[in-house]
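Participant: Sequence plus predicted model, see below.
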Amino acid sequence: MIPPRRPRTEYASLLDLLLGAAALLAVVLLPLLHGGGFRGTLPNVTLYVCIYVILGLGLNVVVGFTGLLDLGYVAFLATGALLTGFLLRMTTTPDGVLHWRVTEPPPADASPLLGFDGSYLLVLLASGIACALLGVLRGIPTLRVRGDYYAIMTLGFAEILFETALWDRSYPVDMESVTGGTFGVKLSSLHVPRLFGRQLFYDEPVFYYLVVGVVVATFVAVHHVNRSRFGRALASIRLDETAARACGVDVARHKLAAFAISGFVGGVGGSLYALNYGTVAAKGLDVWQSVLILCGVVLGGMGSIRGAAFGVGALMALGELLREDLGGVSVPPEARFLIYGLLLIVVMRFRPQGLLPPVRHGRPVTWERDALLAAETPLCSLPAPAEERA
Amino acid sequence: MSDAPVLAVTKLRKQFGGVVAVKDVDFEVRRGSITALIGPNGAGKTTVFNLVTGNYEATAGSVSFTAPDGVAHALVGRRPDRIARLGIARTFQNIRLFGDVPTLDNVKLGLHSRTRAGVLAALLRLPAAREERDVRAAAYRYLDFVGLADKSHALARNLPYGEQRRLEIARALALAPSLLLLDEPAAGMNPQETADLMGLIRRIRDLGMTVLLIEHDMKLVMGISDHVVVLDHGEVIAAGTPGAVRADPAVVRAYLGNEEL
């Protein structure tokens, strides 16, 4: 008989659970307690922070779990956002002609192709899947490299994507008609999709709770990944690839799966990003976005889920507070990076593992160990300890 | 069970640029035996291990592994993780544990190849939970087998040296291998630890596993081996029972010098 209880190492501590529940409750109740409802600075900043927390959780799968430094995560954010913009901009006229060029205004009698209620969930899924595939495609050429070389390749990949997104008619492929080029894709009220009968504007309760729901789902999903057999294999790759192979871990396959998960989450985050702003331009999605999310993850503690969420959340909230002048001090936008930099230097100097590093070990539970040692398991053909000693 | 040797190494050769590290080596490992690979430093012993486990690709020659079901597998050209899954586990000369995680998780990783739960199961928490309980129970059993059950939650890197060596053996055993390769398991151990290790290796053999080990400690080699293969400058210069090898003048000249055995 194996007791159903899990050892403490695999539990979040009670304090963690309470703090997490309190944070979630605060975010859920915020618009109700806040005077302005879903309008105003506070709910806006919360949405913005939540979307970056999703991105941070996704980045952490590769950077924290698998131990590969990804400097090009913005590629997924941009792809998810631009794809969402593109899909929602597609229109058809009553006689069935499809208009998809975002650079041209749709005909007067056109209606959105994806105008039906709930279509956004499909768009969200499509963004995720597209970015998961992109993650695998990007991952294949990087499988043989590690460390700095991997980081440089991801950086290069993001730059290539960034540059190609701005290609106009003079290039072999007219990407501008898909991405909107420098001006980007603007979602007018005609294009904003409906969910439960409400259009998903940034100040709609439906949108707010959709984002919060995605944060929670992502958190739970990466938590399950981390403490599963699959997550253990990712950790083994991070700690020692040679030893991982000696344990029978197919390193390439596990890396690609991690890239796919990380990409999926990035694409979903990007899609929500597009709706939150109502307009997306590749111009604003440059390498600094990657660096910012990465800084948040490092600040919170690489490999730690609550750390990544907290780090990215805190960094983005801080940036917004400085921008919005909520703290009573006015800081020019350019100085924000100065403050991020200082913060990072201080944290790295005094707490290099991050503010909330992963908990790698707990205390053994004696009775549980004894019960497990006495248990029958198909995975172990060794003689039972008692038999052998006798 | 098959009578064929577990491992048959034929004309195995490895060149690094102009250096021939392993020069047309032939030897066999009989099923259920403890075989030792000995030789002076730089003789090519670890290179042979790395060729068998797929960490290096052979320049020429072949390595044939016969599984307990009698099926023979050619190992040259196979990836290390595939070779591990065939039932060949190893330890490393310079211990390669997952230092940053508890000892129990190190053993759980050894069980990786024999479990199945995939990504989707991880995401959705499908029946993987059942498998996970078996994994935990088995991991404790392997830890207990090497005497580390009460260190289950210590980080691997915090264990004393001798215990790290034993943990590495537990991790390798967790693959349920039919052939276990130990690369200098007694290195850095005191006489008491070495004696315990000899007992452990015998217990492993008694479970029906075949053991191939590299070792410099002659007391251990002569004490537990059924068969000894001596390498020097990448070539096999002698092979046979410990007694025969000890008396072989070529071995004495190349390796043992005038040292009293």
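Facilitator: Noted; the coordinates are in hand.

Participant: got the contact list for the closest residue to residue A:261 other than its chain neighbours?
Facilitator: Counting by C-beta to C-beta, 6 or more residues apart in numbering or on different chains, residue A:61 is the residue found nearest to residue A:261 once chain neighbours are left out, at 5.3 Å. Yep, even glycine has a C-beta here, placed from its N, CA and C like the rest. Residue A:61 makes contacts with A:222, A:225, A:234, A:258, A:261-262, A:265, as judged by C-beta atoms under 8 Å, 6 or more residues apart in numbering or on different chains.

Participant: Which helix runs longest in the chain?
Facilitator: You didn't pick a chain, so chain A it is. helix A:251-277 (DSSP state H).

Participant: that's the other chain; I wanted chain B
Facilitator: In chain B, assigned by DSSP H, the helix with the most residues is helix B:128-145.

Participant: which among the contacts of residue A:61 gets closest to residue A:139?
Facilitator: Within the contacts of residue A:61, the smallest distance to residue A:139 is 8.4 Å, found for residue A:258 (C-beta to C-beta).

Participant: Alongside chain B, which residues does the stretch 151-300 of chain A contribute?
Facilitator: A:221, A:224-225, A:228-233, A:235-236, A:239-240, A:242-251, A:257, A:261 (C-beta under 8 Å from any C-beta of the partner chain).

Participant: Narrow those to just the buried residues.
Facilitator: Neighbour counting with 16 or more other C-beta atoms under 10 Å in any protein chain shown marks A:221, A:224-225, A:228-233, A:235-236, A:239-240, A:243-251, A:257, A:261 as buried within these.

Participant: I'd like to know how many residues surround the residue of the stretch 1-150 of chain B found nearest chain A.
Facilitator: Closest residue of the stretch 1-150 of chain B to chain A, C-beta to the nearest C-beta: residue B:113 (2.8 Å). Residue B:113 has 23 neighbouring residues, counting by other C-beta atoms under 10 Å in any protein chain shown.

Participant: so what's the closest residue to it other than its chain neighbours up against?
Facilitator: Excluding the flanking residues, the one nearest residue B:113 by C-beta to C-beta, 6+ apart is residue A:248, at 2.8 Å. Residue A:248 is in contact with B:81, B:84-85, B:112-113, B:175, counting by C-beta under 8 Å, 6+ apart.

Participant: And the pLDDT for residue A:387?
Facilitator: Residue A:387 is assigned 53 on the pLDDT scale.

Participant: Residue A:7 too?
Facilitator: Among the per-residue scores, residue A:7 shows a pLDDT of 43.

Participant: what's in contact with stretch B:78-87?
Facilitator: Under C-beta under 8 Å, 6+ apart, the answer for stretch B:78-87 is A:242, A:244-251, B:52-55, B:65, B:67-68, B:73, B:75, B:113, B:175-179.

Participant: one step back: for the longest helix of chain A, packing partners?
Facilitator: Packing partners of helix A:251-277 (3 or more C-beta pairs under 8 Å, 6 or more residues apart in numbering or on different chains; DSSP states H and E): helix A:41-60, helix A:74-89, helix A:119-139, helix A:205-226, helix A:229-239, helix A:241-246, helix B:119-124.

Participant: who does the helix or strand that comes right after it touch, helix- and strand-wise?
Facilitator: For helix A:251-277, the following helix or strand on the C-terminal side (DSSP states H and E) is strand A:279-280. Helices and strands touching strand A:279-280, by 3+ C-beta pairs under 8 Å, 6+ apart, are helix A:74-89, strand A:185-186.

Participant: how far does the first one sit from the chain's center?
Facilitator: When you say that, I think you mean helix A:74-89. 14 Å (C-alpha atoms, centre = their mean, to the nearest Å).

Participant: tilt between that helix and helix A:119-139?
Facilitator: Computed with axes from the mean of the first three to the mean of the last three C-alpha atoms, to 10 degrees, the direction of helix A:74-89 lies at 150 degrees from that of helix A:119-139.

Participant: Identify the residues contacting the helix or strand that helix A:74-89 is followed by?
Facilitator: Following helix A:74-89 in sequence order, the next helix or strand is strand A:91-92 (DSSP H and E). Applying C-beta under 8 Å, 6+ apart, the contact partners of strand A:91-92 are A:98-99, A:106-107, A:110-113.

Participant: Name the nearest residue to the residue in the stretch 51-200 of chain A positioned nearest to chain B, ignoring sequence neighbours.
Facilitator: When scored by C-beta to the nearest C-beta, the stretch 51-200 of chain A has residue A:67 as its residue closest to chain B, at 10.1 Å. Excluding the flanking residues, the one nearest residue A:67 by C-beta to C-beta, 6+ apart is residue A:238, at 3.0 Å.
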